[in-house]
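Q: Provided below for reference: sequence and predicted model.
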Amino acid sequence: MAKQRISYVPLEKMDAAMRAEMERCAREGTPRPESTAVRAHVLSCFWFFANSWNDIFRNGILDHALKEICRVYVSRSVICEFCGNQRSIKGANEGLKEAHYDDLVNFEKSVKYNDRQKAALAYAEAIVWRLDTDDAFWERLYRHFSEPELVELGCAIGLTFGQQSWLRLLNIEHHQVMAGTSASMAPGFETPEALAKSKASPDYWAKKDATPKKDAA
């Protein structure tokens, strides 16, 4: 495994409120404890992300499952393996299945997403890949979302895009902090052994090209 670039803050150096959040991460995941333990080096960074993620991603005015598929689209795009190998428990409770994650890179041609989900993913694609947008793009978004929903979704995508673009550089891995829980892990990543086997597979998602594929004119 590549060398880890920023250390984890030990639980014994955290106050009671931080430890409670770490326990929530271990119990519910998304995020799991490792990335939270990195942010714990700076108290304001720890709570900035914990509070923003709770208010914008896990809760908010927009259905969570929609934000979850956009989160994993970002993971697939920036190749953040730590984030991309997690699944939201709340998203699963709202009906997301593993099959919903399979076609994210080529979502426009997939039959697994409805028009509203495809519009959200197009929004994520434009943000992540810095695509130019036109009136037709925005008319599509406004057919499915209100302005407050577009604000929340844009903030959620922007937050996860920034964090995942950073976390992918750190070489952190699951099952290293508060180990022994499989909360929010994707199928095939529930244990260190299963994770290693899945990442060694030639079909592992991070080995595939995530660049948007556009039809020739």
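A: Happy to help now that I have it. This structure is a prediction, so every number in the text was calculated from the model and none was measured.
Q: what pLDDT, on average, does the longest helix seen in the chain get?
A: Secondary structure of the chain read by DSSP state H shows that its longest helix is helix 147-167. Confidence over helix 147-167 (mean pLDDT, whole number) is 98.
Q: Buried residues of the following helix or strand past it, list them for me.
A: On the C-terminal side of helix 147-167, the nearest following helix or strand under DSSP states H and E is helix 192-200. Within helix 192-200, the residues that qualify as buried by neighbour count (16 or more other C-beta atoms under 10 Å) are 194, 195, 198, 199. For the C-beta atoms, the positions are set from N, CA and C on the backbone; glycine is no exception.
Q: Same question for stretch 143-150.
A: If you call a residue buried by 16+ other C-beta under 10 Å, then stretch 143-150 has these buried ones: 144, 145, 149, 150.
Q: go on, stretch 48-56?
A: Neighbour-count burial for stretch 48-56 [16+ other C-beta under 10 Å]: 49, 50, 53, 56.
Q: Output the helix or strand bottoming out on mean pLDDT in the chain as CSV - backbone C-alpha positions only.
A: The helix or strand of the chain with the lowest confidence, counting by mean pLDDT, DSSP states H and E, is helix 89-93 at a mean of 94. Output in CSV follows, covering the C-alpha atoms of helix 89-93 (Å, rounded to 0.1, in the frame of the first residue of the first chain):
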residue,chain,number,x,y,z
ILE,A,89,-27.0,3.4,4.7
LYS,A,90,-29.7,6.0,4.4
GLY,A,91,-29.5,5.8,0.7
ALA,A,92,-30.0,2.0,0.8
ASN,A,93,-33.0,2.6,3.1
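Q: For it, name the packing helices and strands.
A: When contacts are defined as 3 or more C-beta pairs under 8 Å, 6 or more residues apart in numbering; DSSP states H and E, helix 89-93 packs onto helix 64-78.
Q: Report the spatially nearest residue to residue 87, omitting neighbours in sequence.
A: Spatially, and ignoring its direct neighbours in sequence, residue 87 is nearest to residue 186 (5.0 Å; C-beta to C-beta, 6 or more residues apart in numbering).
Q: quick one, what contacts that neighbour?
A: Contacts here follow C-beta atoms under 8 Å, 6 or more residues apart in numbering; on that basis residue 186 touches 84, 85, 86, 87, 98, 101.
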